[in-house]
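In: quick one: sequence plus predicted model below, questions after.
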Amino acid sequence: MVFILKKDVSENAVKEFRNEWEDRGFSTIWAPGTDHDAVCLIGNTSAVDMDAVVQINPIVAYARRVTEQYKAASRTVHADDTLIPVGGVTIGGGGFTVIAGPCSGETPEQIIAIAESAKQSGAKILRGGAFKPRTSPYSFQGLGEKGLKLLSQAKKTVNIPIITEIMNQAQAPMFEDVDIVQVGARNMQNFDLLREVGKMGKPVLLKRGLSSSIDEFLMSAEYVMSSGCSDVILCERGIRTFETSTRNTLDISAVCVLKEKTHLPVIIDPSHACGIRAFVPALSKAAFAVGADGLMIEVHNDPAHALCDGAQALNLEQFRVLMATLKEYAQIEHREL
């Protein structure tokens, strides 16, 4: 059940309203909006008389029941698109934010060169792996804490926000300088980790699991949000199907479905979706056309010698050309890039 509050309600009034329900055994989630704020009631609400609540409480404009299992992530609860500010960049709300960088940080020279070139081409956020979940235990696993330091160095040198993946709860204290915490596809249903990242006080980018439905994806976002984090970015990165021509199968329609079901920003990772460098530009353009809020693209200054996933990484010139095309699209659609 969600209570839509009247305009200009004081924080104290909202706190008292939430405390009242929590004293009765319910959990509550506060959902701020552009026009109206809302309070979502979690628990068995079958006996709650919505009309009586609206009549009795002067801060409540109206109420409605939420039928989806996910509450905080539901557009029923929060009708306005969520806008997520990150280091001077706003993700969501009609803009198109591009996150770019290597699969993994390798050397100071490599990460800084990529960051400088990607930013000059139009990327707003630098990605780079420090902890790498790989299918084989013998594959390169990232540089760990050293990799985080490389990202921090690039952040300071180039003046660009950074995003990197967390693998487990014990790594959380190392992420103090990270602007967006990424939860990878393999950890999408690691519920203990989801709860922990929700408490870190940072925006979270959640990747869809390889074989997860959209509702399961949203329920994982709900775990993060239930721990107090309202700034969650959803990332469609391809799902596993019977097709073997590409690394995964990009579910482009997931953007449309998610935009209808949730207020959270939705971006696409075309690099992991296909695993083939030549296909990344076409899938990036498709992401823009279908209404995604942005992209996460792998870019490397020397893909042939990358320590991981070089086959799907654009080189610096290929990324520059792609961004020039996307900027033309953005002008036509009157979207900020």
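Out: On my side now, so go ahead. Residues are numbered from 1 along each chain as shown.

In: tell me the domain ranges of the chain?
Out: What automatic domain parsing lists as the domains of the chain is 2-64, 84-333.

In: so of the ones you listed, which one's packed in deepest?
Out: Neighbour counts (mean count of other C-beta atoms under 10 Å) averaged over each of the domains of the chain peak at domain 84-333, with a mean of 20. (Glycine included, C-beta is placed from N, CA and C.)

In: for it, measure first residue to last.
Out: This stretch, domain 84-333, spans 21 Å end to end (C-alpha to C-alpha, to the nearest Å).

In: longest helix in the protein, please.
Out: Looking across the chain with DSSP state H, the single longest helix is helix 316-333.

In: other SSEs contacting that one?
Out: Packing partners of helix 316-333 (3 or more C-beta pairs under 8 Å, 6 or more residues apart in numbering; DSSP states H and E): strand 97-101, helix 108-121, helix 280-290.

In: what does it rub up against?
Out: Residues outside helix 316-333 that contact it (C-beta atoms under 8 Å, 6 or more residues apart in numbering): 96, 98, 100, 114, 117-118, 120-123, 277, 280-281, 284-285, 288-289, 297, 299, 301, 314, 335-337.

In: I'd like the next helix or strand past the lowest-mean-pLDDT helix or strand in the chain.
Out: Here the helix or strand of the chain ranked lowest by mean pLDDT, DSSP states H and E is strand 27-31, holding a mean of 83. Using DSSP states H and E, the next helix or strand after strand 27-31 towards the C-terminus is strand 38-42.

In: and that following strand, what does it pack against?
Out: So strand 38-42, by 3+ C-beta pairs under 8 Å, 6+ apart, packs with strand 2-5, helix 11-23, strand 27-31.

In: avg pLDDT for it?
Out: In this model, strand 38-42 has a mean pLDDT of 86.

In: can I assume L151 is in contact with P161?
Out: No - using C-beta atoms under 8 Å as the test, L151 is too far from P161 to be in contact (10.3 Å).

In: any shared contact partners between those two?
Out: L126.

In: show me where this protein has helices.
Out: 11-23, 50-56, 108-121, 145-158, 191-197, 214-226, 253-261, 270-274, 280-290, 316-333.

In: surely F3 and V53 touch.
Out: Yes - using C-beta under 8 Å, F3 makes contact with V53 at a distance of 6.8 Å.

In: any shared contact partners between the two?
Out: Common neighbours of F3 and V53 (C-beta under 8 Å, 6+ apart) are 60, 63.

In: could I get the helices and strands packed on helix 316-333 as TSV with distance to R75 and mean pLDDT?
Out: Below are those laid out as TSV (distance: least, C-beta to C-beta, whole Å; pLDDT from 0 to 100):
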stretch	distance to R75	mean pLDDT
strand 97-101	20	98
helix 108-121	32	97
helix 280-290	17	96
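
In: in JSON lines: the ones you listed, plus distance to Q331.
Out: Formatted as JSON lines, the helices and strands packed on helix 316-333 follow (distance: least, C-beta to C-beta, whole Å):
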{"stretch": "strand 97-101", "distance to Q331": "15"}
{"stretch": "helix 108-121", "distance to Q331": "16"}
{"stretch": "helix 280-290", "distance to Q331": "12"}
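
In: what's the closest of the ones you listed to V224?
Out: strand 97-101 (18.3 Å; C-beta to C-beta).

In: quick one: contacts of the closest one?
Out: Against strand 97-101 from outside (C-beta under 8 Å, 6+ apart): 89-91, 111, 114-115, 118, 121-128, 163, 267, 293-299, 319, 323, 326, 337.

In: will you turn the helices and strands packed on strand 38-42 into TSV that also has distance to K207?
Out: TSV is the format used below for the helices and strands packed on strand 38-42 (distance: least, C-beta to C-beta, whole Å):
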stretch	distance to K207
strand 2-5	27
helix 11-23	32
strand 27-31	23
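
In: how about the ones you listed, which one is nearest S211?
Out: Nearest to S211, of the helices and strands packed on strand 38-42 and by C-beta to C-beta, is strand 27-31 at 28.2 Å.

In: so what's the gap between that closest one and the chain middle?
Out: 20 Å (C-alpha atoms, centre = their mean, to the nearest Å).

In: which other helices and strands contact it?
Out: helix 11-23, strand 38-42, helix 214-226.

In: parallel or antiparallel, which strands does the second one pair with?
Out: Think strand 38-42. strand 2-5 (antiparallel), strand 27-31 (antiparallel) (DSSP bridges).
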